[in-house]
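K.L.:
Everything below, folded, please.
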Amino acid sequence: MSVTVALESPRQPEIIRLLDLSDAYTQSLYPAESNHLVDLSTLEKSIVSFFVARNAGEIVGCAALLQAGDGTAEIKRMFVDPQARGLKVASRLMERLEEHARALDLDAIRLETGIYQPEAVGLYRKYGYADVGPFGSYLPDPLSLFMEKRLK
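P.N.:
Residues are numbered from 1 along each chain as shown. Presented below is the predicted three-dimensional model:
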């Protein structure tokens, strides 16, 4: 089966389950002050494009693109169901996020991820994201990595 990625509402039971899994995972790695998770109501805002990955109709991953209003957007809530790892779900999500950002004529995509997530860091580096300093409302945090990919 091939993985599909499409814009969908985040308010679905399967998505809420993924967000809960994501929360538990990051809470197991980092203290609360180093977790920068957005909630479901934020994901429903008009400045957010929320993508759902499906395999054979089943939800296996998600990611959001949150527009900052300055020509950039931030990847938020990217998560793949642990049972779906190995299906290239994260790669499909990244490709779709970047395609959408280009369609929105954005200058750059940014993200914040934790230092204890080598798979995520490796994925972002594979897609050309480079280290930058804190952006937006983020403060320096020794447990955070801030990354950016210029689109123009």
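
K.L.:
now residue 76: how far from residue 119?
P.N.:
18 Å (CB to CB, to the nearest Å). No exception for glycine: its C-beta is placed from N, CA and C like everyone else's.

K.L.:
Now name the helix or strand holding the residue nearest the centre of the chain.
P.N.:
Centre of the chain computed as the mean C-alpha position; nearest residue by CA atoms, centre = their mean is residue 78, 3.0 Å away. Applying DSSP states H and E as the criterion places residue 78 in strand 72-80.

K.L.:
still on that earlier bit, residue 76 and residue 119: who's more crowded?
P.N.:
residue 76 (19 against 10; other CB atoms under 10 Å).

K.L.:
Quick check: residue 149 touching residue 129?
P.N.:
Yes: at 4.7 Å, residue 149 and residue 129 qualify as touching, with contact defined as CB atoms under 8 Å.

K.L.:
what is in contact with those two at once?
P.N.:
By CB atoms under 8 Å, 6 or more residues apart in numbering, residue 149 and residue 129 have these common neighbours: residue 109.

K.L.:
quick check, residue 86 in a helix?
P.N.:
No: according to DSSP: H, G, I helix; E, B strand; the rest coil, residue 86 belongs to no helix; its state is coil.

K.L.:
Please report how far residue 119 lies from residue 140.
P.N.:
In terms of CB to CB, residue 119 sits 24 Å off from residue 140.

K.L.:
no, scratch that, I was asking about residue 112
P.N.:
For residue 112 relative to residue 140 (CB to CB), the value is 11 Å.
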